[in-house]
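# Let's see this in three dimensions:
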Amino acid sequence: MKKKTIFSILLTCAMLGACSDTFTEIAPTGALSDEALQNATGIDLKLTAAYSAMDGERVNRLGEGVSAGGDNWWTDVVADDAHRGSTDGDNTELFQLEILDWQTGNSWFLGRWSALFGGVNQANAVLTLIDQVPDGDFSQQKGEALFLRGYFNFELQKFYGNVPFISVENAVNLEFNQPNPGPIWTEIEADFQAAIDLLGSEVITGRTNSWVAKAFLGKVYLYQEKWDEAFTLLNEVVTEGPYSLNTEYVNNFNLAGENSSEAVFSIEFVADDGRSYNGNGAGTLNFPGGGPLGTCCGFYQPTQDLVNAYQTDGSGLPLLDTFADTDVASDYGIESAEPFTLHTGPLDPRLDYTVSRRGVDYNGFGNNPGKEWIRATFADVSGPYLPKKNVYQADEVDANRGIGGWGSEWSGINYNIMRFADVLLLAAEAAVEKSSPDLPVALEYVNRVRNRAKNMTYVQALDADNAPIPDTDAANYQIEPYASFPDQAFARKAVRFERRLELGMEGHRLFDLRRWGVAEEVINTYIANEAEDINQSDYGRFRTYVDKYNLCPIPLTAIDQSGGILEQNPGY
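Down below sits the predicted model:
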């Protein structure tokens, strides 16, 4: 091995001129010099790299790799939508996040931090390169880079609250150790607004445009409770933009619906032959620990609390205040060989496209048999359910199933960072909260989402041979639009509840609860209820959700590497 290495070095030196003093001035094989990139092609290559950073994959990334991805799935584990899943002893640091035993050295916090700043650096690299190319109009590329920097910083703001802003000038001068005195909303707004001003409106697969920038700036305003400004932008995207709801809800989570009219901004994943470097590595844990494909690893299991939220009242409306009073029947504690009776009460049909339950078709693979597909034991804090939105459809396995470095799943299913249903519900929320509330508009937008769910194809029942039974629904599905929003308080409750039903298991829930100021109340109530639902006598391991958890801690490694310039968030 050593002889081969020495020979390769000698051969390379000979080709470059006997290892002269100029050797270090020549670009390494496979790399491009700064001068070679100072053109339109170089700018496009750098921009592609910045888009690529959305999946969290980067060279020299720090922390936990599967926490780095843009789908933010593990934040649902902190909230009331999901359990960590698998067995309690597998990946202790994620278990600590679920039970609210948060340590500043936890590698999951560092993984997302590192990935997002990698994205900021990539966006700044594009902006720096554009400044170095005097000829040509690169306003579109500049707008895209500014949007991406705004997106990465928005994610940092959502997670950590008090983060440093790295400008182009900082990047050029390698001044990355900047202080974090407070929120960077002003800088995020400026980047999104500049993107709006520079970008065209054409929808191009895998790229941003002015409509996307408007939607994100509207969301930024909404996070700051700038309701009027948020409504103006979000409503413009709804009424004038090029987006619409898919007829079928499930098409937001399969190959058939990728880059459809509902996909506003997505991470583009591809399952390649062999090892899938362009697949979703961050979601590699989130497949059944067994099941029809023999997948790994049984993480990211929906909660009983989420399942209960899909109950309806007999007239097709959700149980806004009482959903937790009764449980949807589950097979928790029941082996697959033992009998189980499926829930017969009325349910929102989106449940069985979000959560896999025993006795209901599992993405075309046949009836979920229950416990034999669940990796966790009955003693683990995980429950009886499996996720569906991130898992292949049976007829798309060949196109979407990818393989990671240790035989894990690197799925090719796109993740919609923002889809049109999200925009509709954000606009509805702004309509409820703005200085002159517009409840009819909020009602219209919520009902557009509910009517799609009403009119879509429902999951069908299967016979003993796993063949669909004609015109027979898998459960008692009942959903109807609201007749009215009688007052602002009711409208607020309905809009917020609809976000959970529509966007469940998509990585939004924790951030919604935090910005609404209800995370402490909701999560602590959920913990108490879930302990009863899955009969966990040792739920005392869970700590109480307190105010400090509304921001994730600044990773200890980041503070150390900054030489103490970064300051820790309060309470840690």
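
# How many residues are close by Gln178?
15 (other CB atoms under 10 Å). (Glycine included, C-beta is placed from N, CA and C.)

# cool, the one 10 residues further on as well?
The number of residues packed near Ile188 is 25, by other CB under 10 Å.

# any idea how far the lengthiest helix in the chain is from the chain center?
If you go by DSSP state H, the chain has its longest helix at helix 107-131. Its chain's C-alpha centre and that of helix 107-131 lie 18 Å apart, by CA atoms, centre = their mean, to the nearest Å.

# May I see the buried residues of that helix?
107-130 (16 or more other CB atoms under 10 Å).

# after that helix, next one along is what?
helix 139-160 (DSSP states H and E).

# What is that next one packed up against?
Helix 139-160 sits against helix 40-52, helix 107-131, helix 185-198, helix 210-223, with contacts defined as 3 or more CB pairs under 8 Å, 6 or more residues apart in numbering; DSSP states H and E.

# To Ile523, which of those helices lies closest?
helix 107-131 (17.5 Å; CB to CB).

# Now do the same for that closest one: mean pLDDT, whole number.
For helix 107-131, mean pLDDT is 97.

# what's that helix packed up against?
Taking 3+ CB pairs under 8 Å, 6+ apart as the contact cut, helix 107-131 packs with helix 40-52, helix 92-98, helix 139-160, helix 168-172, helix 556-561.

# Dump those helices to TSV, plus mean pLDDT and mean neighbour count.
As requested, those are exported to TSV (pLDDT from 0 to 100; neighbours: other CB atoms under 10 Å):
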stretch	mean pLDDT	mean neighbour count
helix 40-52	95	18
helix 92-98	95	19
helix 139-160	98	24
helix 168-172	96	15
helix 556-561	96	17
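
# got JSON lines for these, with distance to Ala421 too?
JSON lines is the format used below for these (distance: least, CB to CB, whole Å):
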{"stretch": "helix 40-52", "distance to Ala421": "23"}
{"stretch": "helix 92-98", "distance to Ala421": "27"}
{"stretch": "helix 139-160", "distance to Ala421": "19"}
{"stretch": "helix 168-172", "distance to Ala421": "35"}
{"stretch": "helix 556-561", "distance to Ala421": "35"}
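
# Tell me which residue is most central in this structure.
Centroid-nearest residue in the chain, with CA atoms, centre = their mean: Asp71, separated by 2.2 Å.

# That one touches Gly281, doesn't it?
No - Asp71 lies out of contact with Gly281 (CB atoms under 8 Å); the separation is 11.1 Å.

# Which parts of the chain are strands?
82-85, 263-267, 299-302, 355-356, 386-387, 415-419, 460-462, 468-473 (DSSP state E).

# Name the residues that touch the fifth one?
Applying CB atoms under 8 Å, 6 or more residues apart in numbering, the set of residues contacting strand 386-387 from outside is 82, 286, 288, 291, 300-302, 354-356, 362, 368, 373-374, 505.

# One more: the first one?
Among residues not part of strand 82-85, those counted as contacts by CB under 8 Å, 6+ apart are 73-74, 76-77, 91, 94-95, 97-98, 285-286, 298-303, 306, 375-376, 381-383, 387, 505.

# again with the last one
Residues from elsewhere that reach strand 468-473, judged by CB under 8 Å, 6+ apart: Pro349, Asp361, Tyr458, Val459, Gln460, Ala461, Leu462, Asp463.

# hmm, try it at 6 Å
Tyr458, Gln460, Ala461, Asp463 (CB atoms under 6 Å, 6 or more residues apart in numbering).

# quick one on the thing from earlier: isn't the residue nearest to the centre of the chain up against Glu506?
No - using CB atoms under 6 Å, Asp71 makes no contact with Glu506, being 7.5 Å away.

# Many thanks, have a good one.
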